[in-house]
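S.K.: following is a predicted model, sequence given first.
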Amino acid sequence: MKSKQPSHLRSIIAHTVLIILSFMCLFFFYILIINATRSHADLQKGFSALPGGNLLKNLSSVANDGTFPMFRGILNSLIVSGCSAAICTYFSALTAYGLYAYNFKVKKIAFTFIMAILVMPTQVTAMGFLRLITNMGMYDSLLPLIIPSIASPSVFYFMYSYLQSSLPLSLVEAARIDGCGEFRTFNRIVIPIMKPAIAVQAIFSFVGSWNNYFVPALVIQSKDKMTVPILIATLRGADYMNFDMGKIYTMILVAIVPIIIVYLCLSKFIIAGVTLGGVKE
Amino acid sequence: MGTKHKKVDYSKWGYIFILPFFVSFFIFSFIPLVDTIRYSFFEYYRSGIKEIGPNFVGMENYISLLGSDMLKYAANTLILWVIGFIPQIVIALVLAEWFVDARLKIHGSQFFKVVIYLPNLIMASAFAMLFFAMFSNNGPVNSILISMGLISQPIDFLGSALGTRSLVGFMNFLMWFGNSTIMLMAAIMGISPDVFEASELDGCNSFQRFFYITLPQIRPILAYTLITAIIGGLQMFDVPQILTNGQGTPDRTSMTLIMFLNSHLKSKNYGMAGALSVYLFIVSGILCFIVYRITNNDDPDGSKAAAKKAKKLQRRGRL
Amino acid sequence: MMRKRVFSVLLAASMAAGLLAGCGGKSESGSESNSTAEGSAAPASGDEGKVINIYTWNDEFRERVEAVYPEVEETSKDGTVTTLKDGTEIHWIVNPNQDGVYQQKLDEALMNQPDASADDKVDIFLSETDYVNKYTDADADVAIPLTDLGIDPDTDLADQYSFTKVTASDTNGVQRGSTWQCCPGLLVYRRDIAKEVFGTDDPDEIAQKVNSWDTIKKTAEELKAKGYYTFSSYADTFRLYGNSIENSWVSPGETTINVDPQIINWVNSSKEWLDEGYLDKNVKGQFNDDWNKAMGSSSKVFSFLLPAWGIDFVLKPNWDGEEGVWAVTAPPQEYNWGGSYVHGCTGTDNPEHVKDIILAVTADKDNLMKISKDYLDFTNTTSGMQEAAADDANFSSDFLGGQNSFKYFAPVAENIKIAPLCAYDQGCVELIQNSFSDYLQGNIDYDKAKANFETAIIERYPDITAVQWPE
């Protein structure tokens, strides 16, 4: 059939669409960056396509503001997001493997149960959650932001789907025949196979946790434990008399730069992982 | 699903492996959930700094919610979701297919992949703030359009229901299409190359390959995308909240269910918020059940059957 | 699509405190803490706690304390701890006002007050005019009556503007807070536009052109003819109407909202003004980008209605032209906008310090004059402000082209009659503007706007049972 000719046309269409989409994505970052380099007075004059010379001044006003310890916030966010992503992906993979590879009485119930709670909106439980962690003495600490990510139904479901399509049980049987312990099988054989899925979900969890405002705002009280989104929100509302949009744009920029760096590093790994990690059926 | 013949009983490992998940869930979600449900049967709110209740009122909260504008907000949520989701899933599928299509040779595909995911990294709240500034009457978008001579008066994007809804949908699209693309791409790459090779030999064109092989094969991930999107849609909050400053303007046409919940929580009306949460919980349960059934209709191993069917069709079509 | 939205919700810190407080059980601050306050009204200073916790929403109060409280030794670099000369530390607990976050964090702390350890107890908290009533409530009893602290409002605070004292009192007339500032508002206008349209920028002549709603309408027509807007948006004039309501939104002990005829007047005249083109259709509300831009040099807006802090903190940073272009004059109607009240918190373990700080920052005339000079606050001293009004040498402003704004503020301040307050004010004021903004912009009809207000207000205040509209 005519498969050579249209593929040329398709290629042109594909590139055009991609370029338009990329432009839309980058345009907003561009505006953010431009605005972060301009002073409030410049911003008042309206939008300009060229950057201003105020970035350093804006940066130093962000860095020197004791009321908004931005860099401390970034550190806190890194700790919380890193730990959450690690715990969340590991335990979700573990749970998915547990339900996928073993047969036991409550298996079906457990699976259905997780599928049911998959739909549970987080907001629903916030009220009780706060009371609970207060009673447990974890109020105003970073732990309640990390530990609950062990139970992430949506990550579990992704892992489970991935296992279904990529892990032949024969491989597990083979490992058992070789005398491999169950945990060892999981850590040495299953985890490497699941690398692509883990990488994808690690990014998602990291980003989700990094951008999470809801739970931290409930739990964190003191300034030195605040994460970036709380600081941003605090800055935005802190002082309506403090009109410095340049500083606010810079703060948003500072808040997203670390995650972009992390992403740029991880993205290579992800795409490579996806390419290499395919398991033959 | 699973292994049928086993000599050693490994079932205790199953329990051990799923234990952390369930313990964590029980403590951090289940107990709070029970609390929430319990309060939904109480009149319990704050007036100033005085607390009213909790007084048991039975189903009263549920009934008075039905009499409120809740259904209208549900419709708003659905509309906002559809506006964002339809283009998102279509574009994501197409892009994923393009990216993995070796014959298409996308130049700089690494660059594109990195770029389309970028919007997802920016905090939704910050993103909404940025949009609010950009699409305001004197904002950059209007001034660019005016200077290009496309319009003479600034467009009041946020003043009309259509404008606001489109903006919300557009933002959701922009924030999530890259994410879906990567996910679907991972799924497509997980398909055994043998299947593609076979189809190639059979002379499948790219359309046929996409509809008869790729789609059925990635069904589990597609279902996952759909389910999480539905949950996400149901919980749509921060974008419209910040864009309209929590008011769902104009005329509450962009007020979503969670914004409605938030306004109850903000007024510390725990009873009402609890009842609304339970409604949300039930609705999301039903939605997901439907999706789950649709995507897992007949056999658990449906994907392969579909692929075989496709191949057969293919042959027949050729003959 | 928004899958991680599950986590990334901004659902407002708002919920935060509210939820916690809601779980904390009933407030028992009442009788118990009352006795604490009375029992410790005049303790030996050795009994004072080592930490003074002050709840506020920005740096403003800290700066005032640092400037005028003689006991201040130094403040840590990040601004969170101020050490006093006797070694006592002031801990500043700052939460943003926006979205009610401040109030919720404060409420949470107040609920926990009886159980909190001495160093964690709230000692002083601040409130704004919009919600001061919530905290001065006699039944809630979270703010200590000034007399229990050893401050006699009749003598110690005699020089304060009386409306500020009324504002800080509960329904029995017991004063439970005090403020250093008083926020009379003026009409701030552009001299260049005035010269072009009226041929003069003289404040007294402009005052003649804006001295009532009827005259200002004629003036608006003149401005419109030259392509200028009188005000930026309908939100700008709301305070003038809102401040002159006859009865409080909710009468004490009732659960019905009474919408005052003045509010309807605001709606009707705003509609008229907007349709006539006297207001900039592109500006909706305040404190947003469009509003800020309306204060820039390329804007076509002739004037704003602002108090002293508004000129210094809002207008000045948003103005990108030369100094001396703006001027102030008397507004069409006296009004008050803002004001931060300082309260001693029931259960405090530092009543002596609390008393000292309140007196130093809100009652000492020399201190108040210093604040006026350094921060351009219009401060709460009747005699002092009269002196300032006469003292052009020390109190004239370059930004206003050498005008002494105190000359205009002082008479306004003396004529302010504070509107009857209630605990629902903040929500009513906010929601009525939101609901009717759709109507003003022509999105919905009048009855729909009324219905939307009713829905929104009951959402905000579950105990409200009905809304009464004027005939």
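M.R.: Perfect, thanks for sending it.
S.K.: what does the stretch 101-250 of chain C put close to chain B?
M.R.: Residues of the stretch 101-250 of chain C found near chain B, taking CB under 8 Å from any CB of the partner chain as the criterion, are C:107, C:110-111, C:134-135, C:137, C:139-140, C:142. (C-beta placed from N, C-alpha, C; glycine too.)
S.K.: of the residues you listed - the most surrounded one?
M.R.: Counting neighbours by other CB atoms under 10 Å in any protein chain shown, C:V142 leads these with 30 neighbours.
S.K.: that one contacts C:T346, correct?
M.R.: Yes. Counting by CB atoms under 8 Å, C:T346 is a contact partner of C:V142 at 5.4 Å.
S.K.: what strand or helix carries C:D123?
M.R.: strand C:122-128 (DSSP states H and E).
S.K.: OK, contacts around A:M245?
M.R.: By CB atoms under 8 Å, 6 or more residues apart in numbering or on different chains, the residues touching A:M245 are A:35, A:40, A:43, C:289, C:292.
S.K.: contacts for the helix or strand where B:I63 lies, please.
M.R.: Assessed by DSSP H and E, B:I63 sits inside helix B:60-66. Helix B:60-66 has contacts (CB under 8 Å, 6+ apart) with B:40-43, B:271-272, B:274-276, B:278-279.
S.K.: returning to that earlier point: so, in contact with chain A or not, the strand holding C:D123?
M.R.: No. Under the criterion of CB under 8 Å from any CB, chain A is not reached by strand C:122-128; the shortest gap measures 11.1 Å.
S.K.: run through who's touching that strand.
M.R.: Where contact means CB under 8 Å, 6+ apart, the residues beyond strand C:122-128 that reach it are C:49, C:52-57, C:61, C:97, C:106, C:109-110, C:113, C:116, C:134-136, C:143, C:177, C:338-345, C:347-350, C:353-354, C:357-358.
S.K.: filter the contacts of helix B:60-66 down to the ones close to chain A.
M.R.: Applying CB under 8 Å from any CB to those, one finds that B:274, B:278 fall near chain A.
S.K.: between the contacts of helix B:60-66, which sits nearest B:S11?
M.R.: Distance to B:S11 across the contacts of helix B:60-66 (CB to CB) is lowest for B:V278, with 34.9 Å.
S.K.: give the rounded mean pLDDT of the helix or strand just after the strand holding C:D123.
M.R.: Beyond strand C:122-128 in the direction of the C-terminus, DSSP H and E gives the next helix or strand as helix C:132-136. For helix C:132-136, mean pLDDT is 89.
S.K.: what packs against helix C:132-136?
M.R.: Packing partners of helix C:132-136 (3 or more CB pairs under 8 Å, 6 or more residues apart in numbering or on different chains; DSSP states H and E): strand C:122-128, strand C:340-344.
S.K.: run the last query once more with 6 Å
M.R.: With contacts taken as 3 or more CB pairs under 6 Å, 6 or more residues apart in numbering or on different chains; DSSP states H and E, helix C:132-136 sits against no other helix or strand.
S.K.: next helix or strand past it?
M.R.: helix C:146-149.
S.K.: could I have that next one exported to CSV, CA atoms only?
M.R.: C-alpha atoms of helix C:146-149 as CSV (Å, rounded to 0.1, in the frame of the first residue of the first chain):
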residue,chain,number,x,y,z
LEU,C,146,-8.5,47.1,78.7
THR,C,147,-9.4,48.0,82.2
ASP,C,148,-8.4,44.5,83.3
LEU,C,149,-5.0,45.2,81.9
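S.K.: the stretch 101-250 of chain C: helices as residue ranges?
M.R.: C:101-112, C:132-136, C:146-149, C:153-156, C:162-167, C:191-198, C:203-209, C:213-225, C:234-242 (DSSP state H, counting those that start in this stretch).
S.K.: of the ones you listed, which approaches C:D463 most closely?
M.R.: Nearest to C:D463, of the helices of the stretch 101-250 of chain C and by CB to CB, is helix C:132-136 at 13.4 Å.
S.K.: now find how far off-centre that closest one is within its chain.
M.R.: 13 Å (CA atoms, centre = their mean, to the nearest Å).
S.K.: CA atoms only: put that helix into PDB for me.
M.R.: Extracted in PDB, the C-alpha atoms of helix C:132-136 (Å, rounded to 0.1, in the frame of the first residue of the first chain):
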ATOM      1  CA  VAL C 132     -12.400  43.200  64.900                       C
ATOM      2  CA  ASN C 133     -16.000  42.600  66.000                       C
ATOM      3  CA  LYS C 134     -15.500  38.900  66.000                       C
ATOM      4  CA  TYR C 135     -12.700  39.100  68.600                       C
ATOM      5  CA  THR C 136     -14.200  41.800  70.800                       C
END
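S.K.: for that helix, which outside residues touch it?
M.R.: B:48, C:127, C:142-143, C:167, C:170, C:176, C:341, C:421-423 (CB atoms under 6 Å, 6 or more residues apart in numbering or on different chains).
S.K.: looking at the residues you listed, which has the most residues close by?
M.R.: Most neighbours among the contacts of helix C:132-136, by other CB under 10 Å: C:V142, with 30 neighbours.
S.K.: thinking again about what came up before, how about the contacts of helix B:60-66 in CSV, adding pLDDT?
M.R.: Shown next, in CSV, are those (pLDDT from 0 to 100):
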residue, pLDDT
B:S40, 88
B:F41, 91
B:F42, 89
B:E43, 87
B:G271, 86
B:M272, 87
B:G274, 86
B:A275, 90
B:L276, 88
B:V278, 87
B:Y279, 88
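S.K.: now for the contacts of helix B:60-66, which pair is the farthest apart?
M.R.: B:E43 and B:Y279 (17.3 Å).
S.K.: ok, C:L187 - contacts?
M.R.: For C:L187, the contact set (CB under 6 Å, 6+ apart) comprises C:210, C:303, C:305, C:329, C:331.
S.K.: now, the most widely separated pair of the residues you listed?
M.R.: C:L305 and C:T329 (11.1 Å).
S.K.: please enumerate the strands of chain B.
M.R.: Along chain B, counting by DSSP state E, strands occupy B:42-47, B:50-56.
S.K.: out of those, deepest packed?
M.R.: Per residue and on average, the most neighbours among the strands of chain B fall to strand B:42-47, with a mean of 21 (mean count of other CB atoms under 10 Å in any protein chain shown).
S.K.: now that strand and strand B:50-56, what's the angle there?
M.R.: Inter-element angle recorded for strand B:42-47 and strand B:50-56: 180 degrees (by axes from the mean of the first three to the mean of the last three CA atoms, to 10 degrees).
S.K.: who are the packing partners of strand B:42-47?
M.R.: strand B:50-56, helix B:270-295.
S.K.: pairing partners for that strand, with directions?
M.R.: According to DSSP bridges, strand B:42-47 forms sheet pairs with strand B:50-56 (antiparallel).
S.K.: only alpha carbons, please: show the partner strand as CSV.
M.R.: Once non-C-alpha atoms are left out, strand B:50-56 reads as follows in CSV (Å, rounded to 0.1, in the frame of the first residue of the first chain):
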residue,chain,number,x,y,z
LYS,B,50,-18.1,30.1,68.8
GLU,B,51,-18.8,26.5,67.9
ILE,B,52,-22.2,25.2,67.1
GLY,B,53,-22.8,21.5,67.6
PRO,B,54,-22.1,18.8,67.0
ASN,B,55,-25.8,18.0,67.1
PHE,B,56,-27.0,14.9,65.4
